[in-house]
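>>> A predicted structure for the sequence below; I have some questions about it.
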Amino acid sequence: MFTDDLLKAGENFAVSINSEIISALDAGGYSVFFISKETIKSVFVQQELKPTLDKYSNLIIPVIIDDSPITELFAQYEALSLFDENYHENINRNKLDDLIVLLYWQIYQNTSFGN
C-alpha cells in the first residue's frame, strides 16, 4: 500500500507518486480509486490515475464515497458504492467488507489458483 506520507521534502511529488503506483501495480497490486466530487475535479488525482489507466486499466476498482455520478472514465467498471445517505457521514461502513471481498476475488481470479 502506497501512502504519500512516504514522500520526502524536495522530491518531485508527481513523478514519485506515479513511480510508486506503477511499482505497486507491477508487483501485482490493484488501484482502488475512491470517487467523490472532489476527486473527480482534482487535477492531481487525474495525474495520478493516468499511468494506471494507460497500463493497468484492468486493475482498477472504483469505490464511490459520495453521491457523485460515475463519469465516462469509469463507466466500463463495476463500481462499489459505500455511499448511503442513511448512515453517519453518508458512508455505510458495513460495505467495507464488500470491498475486501472484491479485492480478494480479483486477486484470486488473477492468480494461478483462479485459472
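On my side now, so go ahead.

>>> what's the neighbour count on the closest residue to residue 80 other than its chain neighbours?
Nearest residue to residue 80, sequence neighbours excluded (C-beta to C-beta, 6 or more residues apart in numbering): residue 63, at 5.0 Å. For glycine as for every other residue, the C-beta is placed from the backbone atoms N, C-alpha and C. Residues near residue 63, counting by other C-beta atoms under 10 Å, number 19.

>>> likewise for residue 31?
So residue 31, with other C-beta under 10 Å, has 19 neighbours.

>>> begin at 25 from here
Okay, residue one is now 25; in that scheme the one you just asked about reads as residue 55.

>>> that one bridge partners, please.
residue 84 (DSSP bridges).

>>> so who does it touch?
With contacts defined as C-beta atoms under 8 Å, 6 or more residues apart in numbering, the neighbours of residue 55 are 45, 49, 73, 76, 80, 83, 84, 85.

>>> 6 Å - rerun?
Residues in contact with residue 55 (C-beta atoms under 6 Å, 6 or more residues apart in numbering) are 76, 83, 84.

>>> returning to that earlier point: pretty sure the residue nearest to residue 104 is touching residue 54, no?
No - applying C-beta atoms under 6 Å as the test, residue 87 and residue 54 come out as separate, 11.2 Å apart.

>>> backbone dihedrals for the residue nearest to residue 104, please?
With angles defined as degrees, to the nearest 10, residue 87 sits at phi -130, psi 120.

>>> distance check, it against residue 99.
15 Å (C-beta to C-beta, to the nearest Å).

>>> again, but for residue 121
With distances taken as C-beta to C-beta, residue 121 is found 26 Å from residue 99.
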